[in-house]
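K.L.:
my questions are about this predicted structure, shown below with the sequence.
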Amino acid sequence: MYETPYHTNDLSTYSFLVTGGAGFIGSNLVEYLLKYNAKKVVILDNLSNGHFKNIEGFVNPPKCEFIEGDIRNLETCKTAIKDIDYVLHQAALGSVPRSINDPITSNDVNVSGFLNMLLAVKESKTVKKMVYAASSSTYGDSKVLPKVEDNIGKPLSPYAITKYVNELYADVFSKTYGVHTIGLRYFNVFGPKQDPNGAYAAVIPLFMKGALGNKTITINGDGEQTRDFTFIENVVQANIKAVLSNLEQHEVFNVAVNDRISVNKLWNTIKTITNSKSEIKYNSPRQGDVKDSLADISKAKNLLNYTPKFELEKGLGITLDWFNNKNV
């Protein structure tokens, strides 16, 4: 992966902090930065969701340092950000169901932790920009398709509220303090290093693991809900282009492919490529889930020169190879 560079700058002159760097998206960002010889990469993660195995091949001080710490601690954020040029903020508690089950912790991490990062960036003498993980869940109950950045509905879950509050805080810090931030609204990201285990695993790794084990697959709702699934390398591209862009005021961008597929069709595709004998059963719809999701990515194309290189089936093939090689 990452055979194509998504930057023209010489990364060997820049130091990066990746929060949530032991997680799925964060560890892929770390991999890219080190592959292209970033001067230094600092990983901040409390390992509540991330796994050290995702980064153990990368950690090599002083080139790549790992700090086991929590963004809910302001001093930890300030320590991690010392002498950093760019911040890629991925640390968060994901999952709509998790936020419904435990809204207080989701708020503590996603809002208070985010505010700590903004404060640390504001006080830093070296940080030029922070790119942060926003979410397509911000579109809430809006029925409009495709989703355009300026047209959002009411949030459907505590998680969606936390991610929208991030955008509001970032915008205020940009206008009030001149803190340079960009939010990337991710749409259903998937790919290597995404954990298939646990109560809040995402649909593609769940399907992939179940298919390879010929287990019964559970689909929430009737399976006709649609999603704009986005392969991880597209997301890495967007982060790199955003953080190195010349944009100075706060902006928010959709990061997706601008294509959608139903969950039923997704399952049939995964069943085919894995030669699985799995059967499916249908469950009641999940609370807080949207019916359909499709991104308009023209803003990211125009302002970031973002062009998704990986369609769904190509990404699924790479993900399947990873599952087979890793024995997850």
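P.N.:
Happy to help now that I have it.

K.L.:
show me what contacts residue 159?
P.N.:
Contacts of residue 159 were listed using Cβ atoms under 8 Å, 6 or more residues apart in numbering, and they are 93, 94, 95, 96, 98, 99, 100, 106, 110, 135, 137, 288. C-beta here means a position set from N, CA and C on the backbone, and glycine is covered the same way.

K.L.:
host element of the first one?
P.N.:
Using DSSP states H and E, residue 93 is not contained in any helix or strand.

K.L.:
ok, and the closest non-adjacent residue to residue 9?
P.N.:
Among residues not flanking residue 9 along the chain, residue 244 sits closest, at 5.4 Å (Cβ to Cβ, 6 or more residues apart in numbering).

K.L.:
quick one: that neighbour and residue 10 touch, right?
P.N.:
No - when contacts are counted by Cβ atoms under 8 Å, residue 244 is not listed as touching residue 10 (10.7 Å).

K.L.:
contacting residues around the residue nearest to residue 9?
P.N.:
Contact analysis of residue 244 by Cβ under 8 Å, 6+ apart lists 7, 9, 86.

K.L.:
now those residues: which count as buried?
P.N.:
Among the contacts of residue 244, those classed as buried by 16 or more other Cβ atoms under 10 Å are residue 86.

K.L.:
can you put the contacts of residue 244 in a markdown table and add pLDDT and secondary structure?
P.N.:
Formatted as a markdown table, these follow (pLDDT from 0 to 100; DSSP: H, G, I helix; E, B strand; the rest coil):
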| residue | pLDDT | secondary structure |
| --- | --- | --- |
| 7 | 95 | coil |
| 9 | 91 | coil |
| 86 | 98 | strand |
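
K.L.:
of the contacts of residue 244, closest to residue 32?
P.N.:
Closest to residue 32 out of the contacts of residue 244 is residue 7 (9.2 Å), distances taken as Cβ to Cβ.

K.L.:
just the helices in this structure please.
P.N.:
24-35, 74-80, 96-101, 103-107, 113-123, 158-177, 203-212, 232-243, 263-274, 298-304, 312-326 (DSSP state H).

K.L.:
what residues of the last one count as buried?
P.N.:
In this case it means helix 312-326. Residues of helix 312-326 classed as buried: 312, 315, 316, 318, 319, 320, 322, 323 (neighbour count, 16+ other Cβ under 10 Å).

K.L.:
go on, stretch 169-179?
P.N.:
For stretch 169-179, burial by neighbour count (16+ other Cβ under 10 Å) applies to 169, 170, 171, 173, 174, 179.

K.L.:
how about stretch 116-129?
P.N.:
For stretch 116-129, a neighbour-count test (16+ other Cβ under 10 Å) marks 116, 117, 118, 119, 120, 121, 124, 127, 129 as buried.

K.L.:
okay if I get the contacts of residue 244 as JSON lines plus distance to residue 23?
P.N.:
Formatted as JSON lines, the contacts of residue 244 follow (distance: Cβ to Cβ, whole Å):
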{"residue": "7", "distance to residue 23": "22"}
{"residue": "9", "distance to residue 23": "25"}
{"residue": "86", "distance to residue 23": "18"}
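
K.L.:
and the residue nearest to residue 249 when sequence neighbours are not counted, how far from residue 247?
P.N.:
Excluding the flanking residues, the one nearest residue 249 by Cβ to Cβ, 6+ apart is residue 174, at 5.8 Å. Using Cβ to Cβ, to the nearest Å, residue 174 is found at 10 Å from residue 247.

K.L.:
with residue 286 instead?
P.N.:
Between residue 286 and residue 247 the computed distance is 35 Å (Cβ to Cβ).

K.L.:
same check on residue 6?
P.N.:
16 Å.

K.L.:
of the two, which one has the most company?
P.N.:
Between residue 6 and residue 247, counted using other Cβ atoms under 10 Å, the more crowded position is residue 6 (21 against 15).

K.L.:
surely the more buried one is in contact with residue 234?
P.N.:
No - with contact defined as Cβ under 8 Å, residue 6 does not count as touching residue 234 (9.9 Å).

K.L.:
coming back round to it: save the buried residues of helix 312-326 as JSON lines, and put in pLDDT and distance to residue 238 too.
P.N.:
Output for the buried residues of helix 312-326, formatted as JSON lines (pLDDT from 0 to 100; distance: Cβ to Cβ, whole Å):
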{"residue": "312", "pLDDT": "97", "distance to residue 238": "17"}
{"residue": "315", "pLDDT": "97", "distance to residue 238": "14"}
{"residue": "316", "pLDDT": "97", "distance to residue 238": "20"}
{"residue": "318", "pLDDT": "97", "distance to residue 238": "18"}
{"residue": "319", "pLDDT": "96", "distance to residue 238": "18"}
{"residue": "320", "pLDDT": "96", "distance to residue 238": "23"}
{"residue": "322", "pLDDT": "94", "distance to residue 238": "21"}
{"residue": "323", "pLDDT": "93", "distance to residue 238": "24"}
